[in-house]
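Student: Structure for the following, please:
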Amino acid sequence: MRTRNERYQEGHEHGHEHGHEHRRWDGPPEAFGFGSGGSRRGRRGGPGRRARRGDVRAAALALLSERPMHGYEMIQELEERTDGVWRPSPGAVYPALQLLEDQGFVTADAEAGKRLFSLTDTGREEAEKLGDRKPWDDVTAGIDPSQFKLRDALGPIAVAARQVALDGTPAQQSAAAEVLAETRRKLYSILAEVPEDPGTS
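Tutor: Predicted coordinates for the structure are as follows:
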């Protein structure tokens, strides 16, 4: 895999062949003014009902009751099962796993340099106390995942706008500014529309 410097150098040389320096924007969307730092859950805040704080300990027990997992694998599973609403940080997951291990509910075996976590017999008994409802369902209760679609769409737009700002000619930059201005007007016109009553459809 090429390093960032190698990608930059390749773009730099390609740009000089066409009479201008080519620069590629490899930074995150929030660096151009969209989104915010932190986890994906933080970026997907936005209007509407926010996700509840997840119970990492309970989630780990529930996941490990299905099969042994690595810590990072648990993070990915929770993100996927909540449609990206909840992605706990390693700083939350690994201490919870360590606590479960200290309590005798979990064992950790080294596998290819990674720790594979499994439930002990007492850990399975503890997981059964959670019942049928899964902790990640509590996080997303009452939340419509579709409310995040607009926020997720902003990142790629920010990256594209930044790319034009870096690489575009003055004419291209002017055209891009007009596109963004027109998009802004259309977004405000959407707000001005009278919402359709679901009961009348």
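Student: elements contacting the helix or strand containing A165?
Tutor: Secondary structure assignment for A165, by DSSP states H and E: helix 149-167. Helices and strands touching helix 149-167, by 3 or more Cβ pairs under 8 Å, 6 or more residues apart in numbering; DSSP states H and E, are helix 170-192. Backbone N, C-alpha and C define where each C-beta goes, glycine included.
Student: ok, residues contacting the helix it packs on?
Tutor: A161, V164, A165, G168 (Cβ atoms under 8 Å, 6 or more residues apart in numbering).
Student: OK, contacts around the closest residue to A110 other than its chain neighbours?
Tutor: Take A110 and drop its neighbours on the chain: the residue closest to it by Cβ to Cβ, 6 or more residues apart in numbering is L116, 7.7 Å away. For L116, the contact set (Cβ under 8 Å, 6+ apart) comprises P68, M69, H70, A108, D109, A110.
Student: which of these count as buried?
Tutor: P68, M69, H70, A108 (16 or more other Cβ atoms under 10 Å).
Student: before we move on, the earlier item: gap between the residue nearest to A110 and L130?
Tutor: As judged by Cβ to Cβ, to the nearest Å, L116 and L130 stand 22 Å apart.
Student: Which residue ranges make up the domains of the chain?
Tutor: Listed by automatic domain parsing, the domain ranges of the chain are 4-44+149-193, 56-142.
Student: Past the helix or strand bottoming out on mean pLDDT in the chain, which element shows up next along the chain?
Tutor: Using mean pLDDT, DSSP states H and E, helix 40-43 stands out as the lowest-scoring helix or strand of the chain, at a mean of 41. Using DSSP H and E, the next helix or strand after helix 40-43 towards the C-terminus is helix 56-64.
Student: which strands and helices sit next to that next one?
Tutor: By 3+ Cβ pairs under 8 Å, 6+ apart, helix 56-64 packs against helix 71-81, helix 90-102, strand 114-119, helix 121-128, helix 135-140.
Student: Low-confidence regions, the chain specifically.
Tutor: By pLDDT under 70, the low-scoring segments of the chain are 1-53, 112, 142-148, 150-151, 194-201.
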